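Student: When you get a sec, could you give me coordinates for this:
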Amino acid sequence: MEGRAFTSSSRISSASALREKLTDLTTSPLRPVVALHASIDFVPTRIPRKRRLQTLAVAVWSTVLIICISLFLYLCSIPALWPFIAVYLVWMSWIDKSPVHGTRLSPWFRSLKIWRYFAEYYPASLLKECDLPPDRPYVFGYHPHGIIGMGAIATFATEATGFSTAFPGIRPHLLTLTNNFDVPVYREILMALGISSVSKRSCSNILKRGPGEAITIVVGGAAESLSARPGTADLTLRRRLGFIKVAIQHGADLVPVFSFGENDIYQQMPNDKGTTIYALQKRFQKMFGFTLPLFHGRGLMNYNLGLLPYRHRIVSVIGRPIHIRKCEKPSLEEVTRVQTKYIEELTRIWNTYKDEFAKTRKRELSIID
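Tutor: You can find the predicted model right below:
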C-alpha cells in the first residue's frame, strides 16, 4: 500500500512539474528565436513605393537565372509544347550564333523602366572624363569585378546610367561566360541587353565590325571576385594580357573603367590564401571556369540577412582612352608596354577620385596578381 501511495504521489508531483514547464514555454518565447529576431533589422512597414520598386527590380535581376530555369522546366511539363521546345533547343544549340556576334542588342529593352529602378537602388551612375569619338572601336576594361558586377550591368548593359547619351554612336557589349548562353530564355534576356560571350571569337567578331563597336571585359574575372570586400580594391590584372592583345589586333582604343563602390555591396566570408575554403574555391574555378564566393547581403524584407546587395553608391568612372595602333601579331614587349600605360591610367583614376568616392576605404588600390 505504501509503495502504491508513493507512486501515486510521485505521479501527481511529476504532472504538476510538467504543467509548470509547459506554462513557462507558452508564456515566454524560446531564447534562440528571440535572439534571431533581435539580430535581424526588419524593413519598416511604411516605405516609399519607389524604394520598394527599386528593391524589387534588384531582386528580379538577382534571381532571373532561377526564374528562367523554372519557367523552362514548367513549359517542358506541357506535352503540347514539346515540338516547339525541341525546335527551340535545336535552333539555340546549333543554329543561332548571336552570342558570338552581338547582333541581338535591343535599345528598347535596354531602356525599360525596370533598369532605371535597378540603377537607382544603389544608386549607380557613370562619370565621363572625356568624349569618345565613334570613329573607332573600343575595349573597355572594367574594375573591380566585385561579387557579381552589378555596376557593370547598370552601366554597360542598360541605359539606366545614360551610356548612349554620354557616348553617342558607341554600341556597347558587356561580355560574360559562354556557359550563360546555354540556359534557355535567360540567354535571350542577356542578348537583348547587348551582352555577348567573352570568348576570343566573340571579341573579334564584334570589334572587326569597325567604328563605334565596343566590348566591355570585367578583367579580374572569377579570381578577383574572391578578393572582393568592402573598403578594398585588390585587382587581378598583372597577368591579364589577353584583352590588351585583342585591342591591339583590332586597333581598338583601350578605356580603363574603375567602379567605386562595386566591392561594397556585399560582405564575403573570410577566405584568405592557404585556408580550406580558398583551396576549394580555386579548385571549383579550375573545374568549371567560375567560382562561388561565399557572400551575404540583405533580404527582401530586412536589411542584414539575405543575398540581395546592400544599398551603396556605385560610380563607374570612365577614364581617358589609350590610343592603340593596329598590329595583328603584337610582340610581348608591345603588349607589356600598353599594359603599363593602362595600369598608369587606372591608378590615376583611383588617385583622382578615391577621396570623393572611397572615403571609407581600408587600404589603397593594390594589384595582387
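Student: For residue 200, give its distance to residue 104.
Tutor: Taking CB to CB, to the nearest Å as the criterion, residue 200 is separated from residue 104 by 20 Å. All C-beta atoms are positioned from the backbone trio N, CA, C, and that covers glycine.
Student: actually residue 140, not the one I wrote
Tutor: The gap separating residue 140 from residue 104 is 20 Å, by CB to CB.
Student: the more surrounded of these two?
Tutor: Neighbours around residue 140 and residue 104, counted as other CB atoms under 10 Å, are more numerous at residue 140. The numbers are 30 against 18.
Student: Okay, strands next: where are they in the stretch 151-300 of the chain?
Tutor: In chain order, the stretch 151-300 of the chain shows strands spanning 171-176, 196-197, 213-218, 234-235, 253-260, 267-268, 295-296, with DSSP state E, counting those that start in this stretch as the criterion.
Student: Also compute the angle for the longest one relative to strand 213-218, please.
Tutor: In terms of direction (axes from the mean of the first three to the mean of the last three CA atoms, to 10 degrees), strand 253-260 departs from strand 213-218 by 40 degrees.
Student: so what secondary structure elements neighbour strand 253-260?
Tutor: Contact partners of strand 253-260 among helices and strands, from 3 or more CB pairs under 8 Å, 6 or more residues apart in numbering; DSSP states H and E: strand 138-143, helix 150-156, helix 242-250, strand 314-318, helix 332-357.
Student: Same check on the second one?
Tutor: Applying 3+ CB pairs under 8 Å, 6+ apart, we find strand 196-197 packed against strand 171-176.
Student: average model confidence for stretch 254-269?
Tutor: pLDDT averaged over stretch 254-269 equals 96, rounded to a whole number.
Student: excluding its backbone neighbours, what's nearest residue 268?
Tutor: Closest residue to residue 268 apart from its sequence neighbours, by CB to CB, 6 or more residues apart in numbering: residue 295 at 4.7 Å.
Student: which ones are touching the one you found?
Tutor: 147, 266-269, 307 (CB atoms under 8 Å, 6 or more residues apart in numbering).
Student: And the pLDDT for it?
Tutor: 91.
Student: Please determine how far it is located from residue 284.
Tutor: 15 Å.
Student: Same check on residue 243?
Tutor: From residue 243 over to residue 284 the distance is 24 Å, taken as CB to CB.
Student: Compare those two (neighbour count), which wins?
Tutor: For residue 243 against residue 284, the residue with the higher neighbour count under other CB under 10 Å is residue 243, and the figures read 22 against 14.
Student: The more buried one contacts residue 217, correct?
Tutor: Yes. Between residue 243 and residue 217 there is a contact under CB atoms under 8 Å: 4.8 Å.
Student: Now for those two: what residues contact both?
Tutor: Common contacts of residue 243 and residue 217, defined by CB under 8 Å, 6+ apart, comprise 139, 141, 203.
Student: Closest one of the residues you listed to residue 60?
Tutor: Within the set of those, residue 141 lies nearest residue 60; the separation is 28.5 Å, counting by CB to CB.
Student: Is residue 254 bridged to anything, and to what?
Tutor: In this structure, residue 254 has beta-bridge partners residue 139, residue 322, where bridges are defined by DSSP bridges.
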